[in-house]
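Colleague: Give me coordinates for this.
(chains A, B, C and D)
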Number of protein chains: 2
Amino acid sequence: MLSIGEFSRLTHLSVRTLRRYHDAGLLEPEDVDPVTGYRYYGGEQIPTAQVIHRLRELDVPLPDVRRILDSPDPGTRAALVADHLQRLESELDRTRTAVASLRRLLHPEPATLDVELRAVPATPVAAVEDDVDLDSVLTWYAGAMAELDAAVPDPTGPPGGLYDNALFEAGRGHVLVYRATDQPPRSGRVHAATLPAVELAVTTHVGGHDDIDVTYGELGAWVVANALVVSGPVRETYLVGPRDTADPAAWRTEIGWPVFRVAPH
Amino acid sequence: MLSIGEFSRLTHLSVRTLRRYHDAGLLEPEDVDPVTGYRYYGGEQIPTAQVIHRLRELDVPLPDVRRILDSPDPGTRAALVADHLQRLESELDRTRTAVASLRRLLHPEPATLDVELRAVPATPVAAVEDDVDLDSVLTWYAGAMAELDAAVPDPTGPPGGLYDNALFEAGRGHVLVYRATDQPPRSGRVHAATLPAVELAVTTHVGGHDDIDVTYGELGAWVVANALVVSGPVRETYLVGPRDTADPAAWRTEIGWPVFRVAPH
DNA sequence: GTGGGCCGTCCCGCCGCGGGAGGGTCAAGC
DNA sequence: GCTTGACCCTCCCGCGGCGGGACGGCCCAC
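Modeller: This next block holds a predicted model:
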């Protein structure tokens, strides 16, 4: 039987950390003196401690470590670990795109922003809409657009979406994706809707969506400089998107921000 | 002039976050109403907001973001950014080794642990020692060993080190690296020292140091199973190390834990 | 002038870890 | 037996960056 200090030396985990792992139910000491509260560990707990150590090095949250250790079946365990590696992978992707975007941001090409003010009439469309969290919007989009495509075999224009400002401000907001069509059908989540008539400040973002907010910013600056005010959900129209070509550099996304002129007072 | 809400919509930064960035001195509003405290931003602040956004996506701490933005010279800026990318890179390395080690841990080879109990006499050596933080121990080791090599041209054995248990428990402890030699010299930090006579539980770790603590654990378990108790700083002897071959798989590190027999009571 | 949306400040919680206070326990040496 | 010092216990706080929520003042269109 090992005192917590001895066990700490054997595992290279600090005493404080061992106590925390006990409290969290990750690594129960083999014995706890009911009077003094002293923790006593067994030598065979060392491998477990090391697995925990490794998982923590990979920033696996304590509750997830618990789940992994508690799963008796090695297959389940492996799946949970693989899950986490997957998460690390996607985080790495996020980092990569952020680095690339930062590079572009610090070495900007001369801005060739082409903004057009366009009055858009009310438009009947087939749409799918919902309240969505910002971090699940991509998944939601894929599902909604697939359903939309199935229901609208002969669209009369490129796909698009309306994104509530709250989505970016509060991390959750109303999202609507649509396809223009002559006879809006109704099936599943797909229903007929009408995009309201608005005046749009429109520009086109070229390339992947990693730094689309730069274009958003430039468009916003243009709107401000022209004494306009944004109002209502932004519209994106996917002129050329992943469905057209796998090369993000070729994508064309039209961004339209509903605006109205500030009354000069 | 833009209210904080409008600026938030234009930059995809939440209102709360913008306020925090103001408090932290990262992004001062162009104007603050002295009476109401209302913040007003200018359109030309959008690009700055986006740079901050990107740096935060890379987990650059706010004070560092401040330093980057405050440096007027683009060269300095680039250097600071490169610094951070470097840090991300090394973190990635850490992750990679942790993943590899975890894999080994979950699919263990049959343990072939060969432990020897060895009485070691007092040994005169040339040494460099210091109190070191755990996260700077590798750097310290490189410098100390280089100095040691320069001062001891004809060592009579492989290099080694003594590592205070506190280094692992508290993150900081006393470290001593040494080379055996007939005539211990004195130059710079190098001085004569004597390793005390101890009884060592000794085993050899094969491979890189990524999962050396697994061997530590196995050795510890052996010590416990044989009714021994560890006492004093662990000794590592680098039989085959990076100075000998670049292939970590070929490294041999002898780990010796001072022990004494528990009095049977 | 009034309502509702916007803005302000302040405090709390999250996560995993360490620092530190304040007090009880164990074991070696007398 | 007793003292001493190392060891162990619990409890609270701070870190960093963000969000949630309370509470109150401000702005503007009706």
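
Colleague: what about the one residue in chain A that gets nearest to DNA strand C, how many neighbours?
Modeller: Proximity of chain A to DNA strand C (C-beta to the nearest atom of the strand) peaks at residue A:61, 3.3 Å away. Placement of C-beta: from N, CA and C, glycine included. Using other C-beta atoms under 10 Å in any protein chain shown, residue A:61 has 11 neighbouring residues.

Colleague: Also the one 10 residues further on?
Modeller: Neighbouring residues of residue A:71 were enumerated by other C-beta under 10 Å; the total is 14.

Colleague: Could you say whether the closest residue to DNA strand D within the stretch 1-150 of chain A sits in a helix, a strand or coil?
Modeller: Closest contact between the stretch 1-150 of chain A and DNA strand D, by C-beta to the nearest atom of the strand, is at residue A:5 (2.6 Å). Here residue A:5 is recorded as helix under DSSP: H, G, I helix; E, B strand; the rest coil.

Colleague: distance of the spatially closest residue to it that is not a sequence neighbour from residue A:37?
Modeller: Among residues not flanking residue A:5 along the chain, residue A:15 sits closest, at 6.2 Å (C-beta to C-beta, 6 or more residues apart in numbering or on different chains). Computed as C-beta to C-beta, to the nearest Å, the residue A:15 to residue A:37 distance reads 14 Å.

Colleague: okay, the two: which has more neighbours?
Modeller: Comparing residue A:15 with residue A:37 by other C-beta under 10 Å, the one with more neighbours is residue A:15, at 16 against 7.

Colleague: Pretty sure residue A:132 sits against residue A:140.
Modeller: Yes - using C-beta atoms under 8 Å, residue A:132 is in contact with residue A:140, at 4.8 Å.

Colleague: Need the residues touching each of the two.
Modeller: residue A:175 (C-beta atoms under 8 Å, 6 or more residues apart in numbering or on different chains).

Colleague: For residue A:192, give me the backbone phi and psi.
Modeller: With angles defined as degrees, to the nearest 10, residue A:192 sits at phi -80, psi 140.

Colleague: Quick one: neighbours of it, just the number.
Modeller: Residue A:192 has 14 nearby residues by other C-beta under 10 Å.

Colleague: Give the burial count for the nearest residue to residue A:12 once chain neighbours are set aside, as a bare number.
Modeller: Excluding the flanking residues, the one nearest residue A:12 by C-beta to C-beta, 6+ apart is residue B:168, at 4.4 Å. Close neighbours of residue B:168, defined as other C-beta under 10 Å, add up to 21.

Colleague: same question, the one 3 residues further on
Modeller: Number of residues near residue B:171 (other C-beta under 10 Å) recorded here: 12.

Colleague: May I have the phi/psi pair for it?
Modeller: Dihedral angles (degrees, to the nearest 10) for residue B:171: phi 80, psi 0.

Colleague: Next, work out how far apart it and residue B:220 are.
Modeller: 19 Å.

Colleague: on that earlier part again, the residue of the stretch 1-150 of chain A closest to DNA strand D against residue A:16, yeah?
Modeller: No - judged on C-beta under 8 Å, residue A:5 makes no contact with residue A:16 at a distance of 11.5 Å.
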